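Chemist: coordinates only, sequence not included:
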């Protein structure tokens, strides 16, 4: 609040604030202060004269308002420059993903993991034991397999950043034979081995945004060429396109060998 000494009005400002590259807030109010007001210079005038003076004041007020709007437009243009610089800084500051260069490595709590710039796969075989009264010690009775394949996305800060769901996973699949549990794990590893042949496999087009910042793909990544789905191919044919017909091959003439 701003109050002028011996003035007939008090001016209030609520939350004047500049959020660089994002938001400009200006909100001002004035209120009448009769304790310091003296209307004697005006009250002797006729109503028409007072109304005319008011109209003139309103027009001057509108001029100031238009000047403020023009200033706000200049702010918008400058704030847009700040905004795009902020986005470029965010892109450059995004750290490269950590990965194991397609090698299996041991991690915490018995997990093993393999990763590259795009994918990561983890698995764990957890042994469950029970007390064997005959042998008088804990003996393994079951093995629980958990595994997952997911994107190895760059870590980003912000309210809208989140980790995507796994591409495939299994949690605590129970086996009573350890060898069977290990065969199952090896089968899963073989099924997804094609994802770990390159350090930066091409990204599926519909998930390229996970490796982009502010609409731009991060360095070191490529996107798979679009492969039309069967429905897209069908729609294409229904639009009037038909593949060129093959010309029939000329028939071989049978020569009469008896001539």
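Modeler: Thanks, I have it. Since the structure is predicted, the reported quantities are computational estimates derived from the model, not experimental observations.
Chemist: the helix or strand hosting residue 49 packs against which elements?
Modeler: Assessed by DSSP states H and E, residue 49 sits inside helix 47-93. Applying 3 or more CB pairs under 8 Å, 6 or more residues apart in numbering; DSSP states H and E, one finds that helix 47-93 contacts strand 23-25, strand 212-213. For glycine as for every other residue, the C-beta is placed from the backbone atoms N, C-alpha and C.
Chemist: next SSE after it?
Modeler: With elements assigned by DSSP H and E, the helix or strand that comes after helix 47-93 is strand 105-106.
Chemist: need the contact list for residue 29.
Modeler: 11, 12, 13, 14 (CB atoms under 8 Å, 6 or more residues apart in numbering).
Chemist: just checking, next helix/strand downstream of the strand or helix carrying it?
Modeler: Element membership for residue 29 (DSSP H and E) is strand 28-32. Counting by DSSP H and E, the next helix or strand C-terminal to strand 28-32 is helix 40-43.
Chemist: buried residues, that next one. List them.
Modeler: Buried residues in helix 40-43, counting neighbours by 16 or more other CB atoms under 10 Å, are absent.
Chemist: count of neighbours near the residue nearest to residue 196 when sequence neighbours are not counted?
Modeler: Of all residues beyond its chain neighbours, the one nearest residue 196 is residue 102 (4.5 Å), with distances taken as CB to CB, 6 or more residues apart in numbering. The local packing of residue 102 (other CB atoms under 10 Å) involves 17 other residues.
Chemist: is it true that residue 102 touches residue 113?
Modeler: No: if you go by CB atoms under 8 Å, residue 102 and residue 113 don't touch, sitting 11.2 Å apart.
Chemist: for the residue nearest to residue 196, what are its contacts?
Modeler: Taking CB under 8 Å, 6+ apart, we find residue 102 in contact with 114, 115, 116, 196, 197, 198, 199.
Chemist: mark which of those residues are buried, thanks.
Modeler: With burial judged by 16+ other CB under 10 Å, the buried subset of these is 114, 115, 116, 196.
Chemist: of all those residues, which comes closest to residue 205?
Modeler: Closest approach between the buried ones among the contacts of residue 102 and residue 205, by CB to CB: residue 116, at 18.8 Å.
Chemist: and the closest one, how far from residue 195?
Modeler: 8 Å (CB to CB, to the nearest Å).
Chemist: identify the contacts common to the two.
Modeler: Joint contacts of residue 116 and residue 195 (CB under 8 Å, 6+ apart) are residue 201.
Chemist: so what's the residue count around residue 118?
Modeler: 25.
Chemist: cool, and the one 5 residues further on?
Modeler: When counting by other CB under 10 Å, one arrives at 22 neighbours for residue 123.
Chemist: now what about the helix or strand where it lies, what contacts it?
Modeler: Assessed by DSSP H and E, residue 123 sits inside strand 119-132. Contact with strand 119-132 is made by 99, 107, 109-115, 137-152, 167, 172, 178, 181-182, 185, 188-189, 192, 195-196, 201, as judged by CB under 8 Å, 6+ apart.
Chemist: that strand pairs with which strands?
Modeler: Looking at strand 119-132 with DSSP bridges, its partner strands are strand 112-115 (antiparallel), strand 137-151 (antiparallel).
Chemist: quick one: low-confidence ranges for this protein?
Modeler: Within the chain, the stretches with pLDDT under 70 are 1-6, 157-162, 228-229, 232-233, 236-259.
Chemist: that concludes my questions; thank you for your assistance.
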